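K.L.:
return atomic coordinates for the entry below.
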Amino acid sequence: MMIWKIFVAFFIPGIVGYGGGPASIPLVENEVVDRFGWMSVSEFSEMLAMANTLPGPIATKMAGFIGYQQAGVLGAVVGVFATVAPSLILMILLLSLLSKFKHSPKVKKMTNLIRPAIAVLLGLMAFQFFKTSYETSGIFQMSFLIAASFLLLEKVKVHPAFVILGSLIYGAIFLGGS
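P.N.:
So this is what the prediction gives:
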């Protein structure tokens, strides 16, 4: 029964919490504090503050913590799954619908119009990464990492995961104090 309650406590905010994790915080609080009484407002505030210090989506961190607190590892898994399930279900439905009509001229036109917007957004994100890298590490470090990554990916054909891992290690060793 507790597993079902955990699922409900995080599935409902996942459905109605339009706007992502921060928008679902009051909904989760309502479920956890008011409806099920698993925490006091003070405990919820402390858990939220702790969850905000960790990397990653806030909603899944809250679900994992509260689920684990209530029912151990299974509770954490169910809580996290319940948090992402609404988005997962919607994506599957929309992708199956898109796949069904992929040969439609309207769908082709829509995807052709979306591609440039995605390219611009990715370009802006890359620019922000370069700008932050330049401001925090300097031109030499940034240029070295760009050149090394390009050579490893394009010329040596190293898997991207290893390039990322190598960059992380390089950053930890040479840029840790930057």
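
K.L.:
show me the domain layout of the chain.
P.N.:
Following automatic domain parsing, one finds the domains of the chain at 2-100, 105-174.

K.L.:
just send those domains back as CSV, with mean pLDDT and mean neighbour count too.
P.N.:
Using the backbone N, CA and C atoms, a C-beta is placed for each residue, glycine as well. Output for these, formatted as CSV (pLDDT from 0 to 100; neighbours: other CB atoms under 10 Å):
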stretch, mean pLDDT, mean neighbour count
domain 2-100, 90, 16
domain 105-174, 88, 12
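
K.L.:
tell me where the chain has helices.
P.N.:
2-16, 21-29, 41-53, 58-100, 105-137, 139-150, 160-174 (DSSP state H).

K.L.:
which of those sits closest to Arg35?
P.N.:
Among the helices of the chain, the nearest to Arg35 by CB to CB is helix 2-16 (7.2 Å).

K.L.:
who does the closest one touch, helix- and strand-wise?
P.N.:
Identification of packing neighbours for helix 2-16 by 3 or more CB pairs under 8 Å, 6 or more residues apart in numbering; DSSP states H and E yields helix 21-29, helix 58-100.

K.L.:
which strands and helices sit next to the shortest one?
P.N.:
Based on contacts counted as 3+ CB pairs under 8 Å, 6+ apart, the elements that helix 21-29 packs against are helix 2-16, helix 41-53, helix 58-100.

K.L.:
which residue is nearest the middle of the protein?
P.N.:
Centroid-nearest residue in the chain, with CA atoms, centre = their mean: Pro57, separated by 5.2 Å.

K.L.:
gap between Ala117 and Thr111?
P.N.:
Per CB to CB, to the nearest Å, Ala117 is found 11 Å from Thr111.

K.L.:
what's the closest of the helices and strands packed on helix 21-29 to Ile169?
P.N.:
Going by CB to CB, the one of the helices and strands packed on helix 21-29 nearest Ile169 is helix 41-53, 24.2 Å.
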